[in-house]
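Chemist: what follows is a predicted protein model with its sequence.
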Amino acid sequence: MSYRTFFLVAGLLLTGCADHRPEPLPGVVLVIVDTARADHFGIDGYPRNTTPNFDRLAEDGAWYGNAWSQSPWTLPSIASILTGQLPSVHGAGMVDGSLHSLRSGIPTLGERLREHQFQTGAVMNVVFCNPASGLDRGFESYDFRTSDASNRGHRNAAATTDAALGWVSQVTDRPFFLLVHYFDAHLTYDPPEPFDTLFLETGTEPIPRGFGSAEQVMALRDGSIPMTPQQRQALVARYDGELRFLDQEFGRLRTGLQALGRWDDSMIVVVGDHGEEFWDHGGFEHGHSHHRELLRVPLIVRTPGGEPGAHRAERVRQIDILPTVLAHLGIPSSDDLPGQVLGTGHAERSIAEGSLWAGNLVSVRTDDGTLILNRDTGEAHLYGPEDPMETRELPADTTGLVRKLGAVLPQGEENHDGDTVWTPDAEEIERLRSLGYIQ
């Protein structure tokens with residue numbers, strides 16, 4: 001039901017049409033799964049039973065198997081989801097070693113929906129989602145929690161689901177927008193029992209519980225901690241256990257919303273903010289490359305009355321989510337949005353920007369191929385359209401392709417206003433260090 005239809009029905013009731021029962025209030029539930037590799041979801045063909053509840057949602061709606069993030073780390077990617085803009089436009093991210101918050105004047109989905117009388121609530125779980133980031137704009141309730149300085153105390157998926165359902169239970173007689181951020185699949189990989197051993201194979205070399213501190217990640221990157229193939233398998237098994245645990249809690253979120261009468265008539269969107277590297281191209285974790293394993297993300301959309309079980313192959317992007325939500329609700333969009341409504345066609349290109357570790361990275365994916373460019377060093381990586389896994393790098397002088405792909409890249413990061421610099425306090429700095437984001 002469109003948002004405008006809701007008010008039409010309400011108006012008829014107020015004018016005395018007693019025979020008309022009120023239609024359910026429209027709702028939007030946006031679930032962001034941190035550090036989610038699309039190829040570790042069952043619906044994408046992964047052999048482990050990691051995501052039965054997300055898979056069920058995909059069968060109720062649409063699975064977008066060619067969905068791409070706008071950045072390989074949390075702050076700029078979530079900002080792109082909430083604004084429908086590229087990082088160079090919304091401004092949130094890391095530039096020259098400084099954190100920047102969301103630019104003023106860039107409306108968020110929360111602000112847009114609140115203008116149309118939606119109740120807006122968010123449950124967020126990492127230091128980058130601190131209200132200082134600007135991601136809280138438009139939310140009447142912004143329930144923010146983060147880990148302790150050792151990265152051992154973040155709010156897990158069970159507590160996140162409890163908080164989300166608690167807020168929805170207080171929603172009154174207005175349509176609502178709920179944003180839920182599940183952080184569990186991020187380091188450290190430390191799922192509760194029995195998920196910690198659920199996917200460990202017999203004979204796999206154990207790794208310490210809670211492995212993945214900043215110091216350990218740094219040591220893995222520089223090679224001072226050797227890791228055997230069996231230990232790498234155990235690490236991936238722990239990651240998969242985290243996915244399975246948060247999937248269970250998403251299932252409980254669904255059940256809870258159904259009990260509250262808020263599921264059937266709500267639009268449900270599930271998306272990853274970015275993926276995770278498991279040595280696919282020699283790297284581990286995220287934030288320092290633009291390869292496929294970091295930028296391809298899960299995306300599921302279910303709308304009331306929508307086509308069930310659709311497996312869509314067209315290229316889509318995080319920036320397409322906001323215009324899709326607005327279109328579903330019948331709310332006018334704005335001309336400055338670069339995204340398109342999901343389900344209306346193939347995106348000509350997907351662009352990603354920024355990094356935490358590798359400087360000014362930018363990349364583009366089109367039907368002609370993939371270009372990953374470091375604007376600081378000029379280093380370029382080029383892959384042809386016949387190589388979607390990005391395993392056979394082409395020479396940089398491949399006839400015309402670098403020029404053709406480079407022509408559609410943004411012209412560089414826009415100037416950042418001084419008032420967007422976000423200076424973390426001492427406690428936030430320790431949390432960033434614990435997450436491996438600063439040294």
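Modeler: Here it is on my side, so go on.
Chemist: which parts of stretch 172-182 are buried?
Modeler: With burial defined by 16 or more other C-beta atoms under 10 Å, the residues of stretch 172-182 counted as buried are Pro175, Phe176, Phe177, Leu178, Leu179, Val180, His181, Tyr182. Where C-beta positions appear, they are placed from N, C-alpha and C, glycine not excepted.
Chemist: what about the longest helix anywhere in the chain, distance to the chain center?
Modeler: As assigned by DSSP state H, the longest helix anywhere in the chain is helix 229-259. Helix 229-259 sits 16 Å away from the centroid of its parent chain (C-alpha atoms, centre = their mean, to the nearest Å).
Chemist: same for it, what does it pack against?
Modeler: For helix 229-259, the packing partners by 3 or more C-beta pairs under 8 Å, 6 or more residues apart in numbering; DSSP states H and E come out as strand 27-33, helix 52-60, helix 157-168, strand 176-182, strand 277-278.
Chemist: return the most buried member of these.
Modeler: Comparing the helices and strands packed on helix 229-259 by mean neighbour count (mean count of other C-beta atoms under 10 Å), strand 176-182 comes out on top with a mean of 27.
Chemist: circling back: of all the helices and strands packed on helix 229-259, which one is nearest Gly134?
Modeler: Closest approach to Gly134 among the helices and strands packed on helix 229-259 is made by strand 176-182 (14.0 Å; C-beta to C-beta).
Chemist: list of residues touching the closest one?
Modeler: 25, 27-34, 78, 82, 109-110, 113-114, 118-126, 129, 139, 157, 160-161, 164, 167-168, 246, 249-250, 253, 262 (C-beta atoms under 8 Å, 6 or more residues apart in numbering).
Chemist: which residue ranges of the stretch 251-400 of the chain form helices?
Modeler: 292-295, 321-329 (DSSP state H, counting those that start in this stretch).
Chemist: same check on the stretch 51-200 of the chain?
Modeler: Ranges of helices in the stretch 51-200 of the chain, per DSSP H, counting those that start in this stretch, are 52-60, 74-83, 87-90, 109-114, 157-168.
Chemist: and the residue most central in space within the chain, how far is that from Thr391?
Modeler: Compute the mean C-alpha point of the chain, and by C-alpha atoms, centre = their mean the closest residue is Asp273, 2.0 Å away. Using C-beta to C-beta, to the nearest Å, Asp273 is found at 25 Å from Thr391.
Chemist: check Glu277 too.
Modeler: 14 Å.
Chemist: and if you look at Phe139?
Modeler: With the distance defined as C-beta to C-beta, Phe139 ends up 42 Å from Thr391.
Chemist: ditto for Ser88
Modeler: Using C-beta to C-beta, Ser88 is found at 29 Å from Thr391.
Chemist: also Asn66?
Modeler: Counting by C-beta to C-beta, the gap from Asn66 to Thr391 is 18 Å.
Chemist: export the helices of the stretch 51-200 of the chain to TSV and tack on distance to Ser289 and mean pLDDT?
Modeler: Converted to TSV, the helices of the stretch 51-200 of the chain look like this (distance: least, C-beta to C-beta, whole Å; pLDDT from 0 to 100):
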stretch	distance to Ser289	mean pLDDT
helix 52-60	25	99
helix 74-83	14	98
helix 87-90	16	96
helix 109-114	28	98
helix 157-168	27	98
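Chemist: so can I have a markdown table of those showing distance to Ile268?
Modeler: Shown next, in a markdown table, are those (distance: least, C-beta to C-beta, whole Å):
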| stretch | distance to Ile268 |
| --- | --- |
| helix 52-60 | 6 |
| helix 74-83 | 15 |
| helix 87-90 | 24 |
| helix 109-114 | 15 |
| helix 157-168 | 13 |
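Chemist: between those, which gets nearest to His281?
Modeler: helix 74-83 (19.2 Å).
Chemist: tell me what that closest one is packed against?
Modeler: So helix 74-83, by 3+ C-beta pairs under 8 Å, 6+ apart, packs with strand 27-33, helix 87-90, strand 93-95, helix 109-114, helix 321-329.
Chemist: gap between that helix and the chain center?
Modeler: Relative to its parent chain, helix 74-83 has a centroid offset of 8 Å by C-alpha atoms, centre = their mean.
Chemist: returning to that earlier point: nearest to Leu135, of the helices of the stretch 51-200 of the chain?
Modeler: Counting by C-beta to C-beta, Leu135 lies closest to helix 74-83 out of the helices of the stretch 51-200 of the chain; the figure is 6.3 Å.
Chemist: so Asp34 touches Ala157, yeah?
Modeler: No. With contact defined as C-beta atoms under 8 Å, Asp34 does not reach Ala157; the gap is 10.5 Å.
Chemist: common neighbours of the two, please.
Modeler: Common contact partners of Asp34 and Ala157 (C-beta under 8 Å, 6+ apart): Tyr182, Asp184.
Chemist: now do the contacts for Leu113.
Modeler: Val28, Thr120, Gly138, Pro175, Phe177, Val325, Leu329, Ile331.
Chemist: and the first one, how far is that from Leu178?
Modeler: Think Val28. 7 Å.
Chemist: can you check Asn66 too?
Modeler: Noted for Asn66: a distance of 27 Å to Leu178, by C-beta to C-beta.
Chemist: and Val316, by the same measure?
Modeler: Distance from Val316 to Leu178, by C-beta to C-beta: 22 Å.
Chemist: if you count neighbours, what's buried in stretch 101-109?
Modeler: Ser101, Leu102, Arg103, Ile106, Pro107, Thr108, Leu109.
Chemist: what of stretch 401-411?
Modeler: Neighbour counts over stretch 401-411 (16+ other C-beta under 10 Å) mark Leu401, Val402, Leu405, Leu409 as buried.
Chemist: again, but for stretch 295-314
Modeler: Residues of stretch 295-314 classed as buried by neighbour count (16+ other C-beta under 10 Å): Leu295, Arg296, Val297, Pro298, Leu299, Ile300, Val301, Arg302, Thr303, Pro304, Arg312.
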